[in-house]
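Q: Just need the structure, nothing else, for what follows:
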Amino acid sequence: MCTVDFDPPDWYVVERPKARKVHECEDCSRGILRGEVYTQATGSWDGRISRMRHCPECTALAKAVEAADCSWAWGTLSDDAHATLEGHEDADPVAYGTVAGLLFARRERALCRWERGTT
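A: The predicted structure follows:
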């Protein structure tokens, strides 16, 4: 099992609403479009209430990292997913392969946006 060093929230609620307006993903900064179902976490960290959102792709990546018996933190999902692949080959091969595939797909989407001149 791999872990991430972060302070847990005082309280934490996760919802999966449908977007009524465009939001920005906490980890990849992609726009969450109207009508998309996304993951939203509301909680209190160090006495401050925060709300964070994940696009569907980052939600899938977070679930894959958890399935590989690793943990992740909001805002560092990509780094945490890469850490899952480094030195944790003993993880479930399906979960390990899913993390690798999702990271590859994310990289390819970013490259396509860069080539089109959009971010």
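Q: give the contact list for Tyr38.
A: With contact taken as CB atoms under 8 Å, 6 or more residues apart in numbering, Tyr38 is in contact with Arg16, Pro17, Ala19, His23, Cys25, Ile32, Arg53, His54, Cys55, Pro56, Thr59. Where you see a C-beta, it was placed from the backbone N, CA and C, and this is true even at glycine.
Q: list the buried ones in stretch 27-45?
A: By neighbour count on 16 or more other CB atoms under 10 Å, the buried set for stretch 27-45 is Asp27, Cys28, Arg30, Ile32, Tyr38, Thr39, Gln40, Ala41, Gly43, Trp45.
Q: Under a three-state scheme, what state does the first one occupy?
A: The reference is to Asp27. coil (DSSP: H, G, I helix; E, B strand; the rest coil).
Q: wait, what's in contact with it?
A: His54, Cys58, Trp74, Gly75, Thr76, Leu77, Ser78 are the contacts of Asp27 under CB under 8 Å, 6+ apart.
Q: Would you check how far apart it and Ala81 are?
A: Per CB to CB, to the nearest Å, Asp27 is found 9 Å from Ala81.
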